[in-house]
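> Predicted structure and sequence below. I'll ask about it afterward.
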Amino acid sequence: MPEDHTLVIRVQYTPEDLAHFQQNIGDAASDRRGMAIVAIPVLLSVFVAFVLGPYWFAQFTGPYLLGVIISVFVLAMALAATLKINAYVRQPSAAPDAPIFTPQDFTFSSKGMTVQSTHAKSDLSWRAFQKAKETASHYLLFMDPGLAYLVPKRAFSSAAEAAAFSGLLRQHVKLISAGER
């Protein structure tokens, strides 16, 4: 790819893209965030319900049993809210190829990558990326083990354009195959 040549593609992400991203970026990173979202309110609720709750209610409302009943109710409400949030986050899309987000324009050059959508623009030099991973259907450009840009191969208009992009990656970023980490 010549020094002054740029490659521009438009990406419209689908739920299948996000599933691919989730699978390839490392489930450990996303699982840790998911566990924290669930574990923190549950642990806090257990602490309040069974440690502080009976003491507070015994001191301020009288009988200890009333404190336990109210504490169990608070715990049940926190668990219900957590499960509802978790179910909402994981609910499947009606159509796996339905567009999500606004389209994003990726511009690749010898200097780096620019990503522009309706609401934002990011300019990144190639030094921002630790590595790039090529799978059968996507490229992932990693800035961090848990942070990557996803570039679907279907966004390239031709095999030659995809090959030019792959060559550009090889020049500037460590490109690994699907099986490598």
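Right, received. Where do you want to start?

> Okay, domains of the protein per the record?
Following automatic domain parsing, one finds the domains of the chain at 7-26+96-176, 28-89.

> can you tell me which of these the model trusts least?
When those are compared by mean pLDDT, domain 28-89 comes last with a mean of 58.

> What are the buried residues along the helix or strand where Val151 lies?
In the assignment (DSSP states H and E), Val151 maps to strand 147-152. Across strand 147-152, burial judged by 16 or more other Cβ atoms under 10 Å covers 148-152. All C-beta atoms are positioned from the backbone trio N, CA, C, and that covers glycine.

> swap in stretch 114-134?
114-115, 126, 128-129, 131-134.

> Tell me the one of the residues you listed nearest His172?
In terms of Cβ to Cβ, no member of the buried residues of stretch 114-134 lies closer to His172 than Trp126, at 3.7 Å.

> Tell me if I'm right that that closest one and Gly112 touch.
Yes: between Trp126 and Gly112 there is a contact under Cβ atoms under 8 Å: 5.0 Å.

> any shared contact partners between these two?
Common contacts of Trp126 and Gly112 (Cβ atoms under 8 Å, 6 or more residues apart in numbering): His172.

> need the helices for the chain, in chain order.
15-25, 27-47, 53-60, 64-89, 159-172 (DSSP state H).

> what's in contact with stretch 117-132?
Stretch 117-132 has contacts (Cβ under 8 Å, 6+ apart) with 101-105, 111-116, 139-145, 169, 172-176.
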